[in-house]
Structures are given as C-alpha cells and as structure tokens.
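# Quick one, what's the 3D model for this:
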Amino acid sequence: MFFKTELKTMLKEEFELYKNNLYEEYAKVLAENLLIPFHDALERSENQIEEILKEESSNKKNQGYNITVNDNFAGRMWVFVDYKRKNAFIYDIRIFSKYQNKGYAKNAIIELEDKLKQENIKTLGLNVFGNNKVAYNLYKSLGFQEKYISLMKGFQKQKVITLPKYLKFLQTLLQKLGYQVVAIEMKKKLK
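The predicted structure is shown next:
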C-alpha cells in the first residue's frame, strides 16, 4: 500500500501544547533510563527543555512538526536548527503506537533531511537512549554515526562516563564493571 509521509510545521499554539505534554513524556523516559525518581526527572525535563528553548535567536530556531501519513496525524518531531553553524539537532521524534514499525519515522527523517539541505544545513544530530534498540537501528540505517556514548553506574550515587567514539573499545570493559549504556549521541553529514 502506498503511503505519503509529510512534515507539517506546527503553529505556535500547537508547539506550546506539544511542549507542555513533552515535559512529562520526557520525564518518564529520563526516570526509566537514569533510574531516578519521577519528580526529579520532571524537574530535569522542564529545566532542559526550557534551556533549549531560550537559545532561540535570529540564527537559531526551534521547529515543531506534525508527522502525517496520508493526512492522518501519526506523530511529531522537534528540531533545533543553528543556521550560523549550519547544524540541526532532533530533540524529539515520536510516532504514535498504531503507526509504529511501518517506516513512517524513517520517511519523516528523510523528509527533514531534504528540508535542511535546502536551508544549507550540513549536519544533523540526535540522542537515543541506550535501551531503545529499534530507534538506534533506524538511525544507523539512515547513516547516523555514534559520536558519544554515555554510560552510568549506581542508583543513589550515580557515576556517568561519556566516551567519544574513538574510545568505544572501553565500553565493554565498563559494562563488565556494572555500567550500562544510557544514551548515545549520533550525527550525520547531510550531502
């Protein structure tokens, strides 16, 4: 069956509603991956999102997109674009459960890449949590490469180590010492 995936720019009001929902959604993921209480994760989520939104200026822009498939609302995406540095970063991409595993996220990212290339953006980055193997494999299939790997150990007194990709060989050793992969930063050059 043919499907058409489109990115439709969110209106300012839509992005505000999306942002308000994102606080809790992101907090749930943080709590799960960082093994912290939800109230701490919610505070961290709100602070991180607000800090990113403050960076907006004439050369930097936050953009929300509704992802539609054959005119059905299938998901959403939040992208930060730095026009001066010619790079962009996907802060959030979500495909609703009934639309998952059908290639819609892949098509949405490809469409985003095309938009960014038209705006002369040279690189696209994102983070993926260590337990999200499906997303990690999708990003690898689209040509994203690991840039940093963050590993964490402990619950009350957490220790976090971030490895640049050239030190990835240490990942196995650290995992044997009880560290777990919590996040991977990935990047792709747009051609």
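# Please enumerate the helices of the protein.
Using DSSP state H, the helices found in the chain span residues 12-34, 38-54, 104-118, 133-141, 170-176.
# Let me know how buried residue 139 is, in neighbour terms.
25 (other C-beta atoms under 10 Å). Any C-beta I mention is one placed from the backbone N, CA and C, and that applies to glycine too.
# To clarify, my last question referred to residue 134.
Residue 134 has 11 neighbours, counted by other C-beta under 10 Å.
# now stretch 109-124, how far from the chain's geometric center?
15 Å (C-alpha atoms, centre = their mean, to the nearest Å).
# Please name the residues that touch residue 134.
Contacts for residue 134 were tallied using C-beta atoms under 8 Å, 6 or more residues apart in numbering; they are residue 101.
# in the chain, what spans have low per-residue confidence?
The chain contains residues with pLDDT under 70 at 1-2, 155-156.
# hang on, the earlier thing: the helices of the chain: which one's closest to residue 126?
helix 133-141 (6.7 Å; C-beta to C-beta).
# quick check: angle from the closest one to helix 104-118?
Taking axes from the mean of the first three to the mean of the last three C-alpha atoms, to 10 degrees, one finds that helix 133-141 is oriented at 40 degrees with respect to helix 104-118.
# Alpha carbons only: can I get helix 133-141 in PDB?
Listed next in PDB are the C-alpha coordinates belonging to helix 133-141 (Å, rounded to 0.1, in the frame of the first residue of the first chain):
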ATOM      1  CA  LYS A 133      17.400  -0.500  20.100                       C
ATOM      2  CA  VAL A 134      14.700  -0.100  17.500                       C
ATOM      3  CA  ALA A 135      15.400   3.700  17.200                       C
ATOM      4  CA  TYR A 136      19.200   3.100  17.300                       C
ATOM      5  CA  ASN A 137      19.000   0.600  14.400                       C
ATOM      6  CA  LEU A 138      16.800   3.000  12.500                       C
ATOM      7  CA  TYR A 139      19.300   5.900  12.900                       C
ATOM      8  CA  LYS A 140      22.200   3.600  11.900                       C
ATOM      9  CA  SER A 141      20.300   2.500   8.800                       C
END
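# buried residues in that helix?
Buried residues in helix 133-141, counting neighbours by 16 or more other C-beta atoms under 10 Å, are found at 135, 136, 138, 139.
# Run through the residues that contact the nearest residue to the second one once chain neighbours are set aside.
Okay, so that is residue 136. Nearest residue to residue 136 in three dimensions, chain neighbours excluded: residue 128, at 5.0 Å (C-beta to C-beta, 6 or more residues apart in numbering). For residue 128, the contact set (C-beta under 8 Å, 6+ apart) comprises 135, 136, 139, 183, 184, 186.
# partners of residue 124 in the sheet?
Counting by DSSP bridges, residue 124 forms beta bridges with residue 88, residue 188.
# For it, give its distance to residue 47.
25 Å (C-beta to C-beta, to the nearest Å).
# Which of these two has more residues huddled nearby?
residue 124 (24 against 11).
# Quick check, the more buried one in contact with residue 113.
Yes - counting by C-beta atoms under 8 Å, residue 124 does reach residue 113; the two are 6.3 Å apart.
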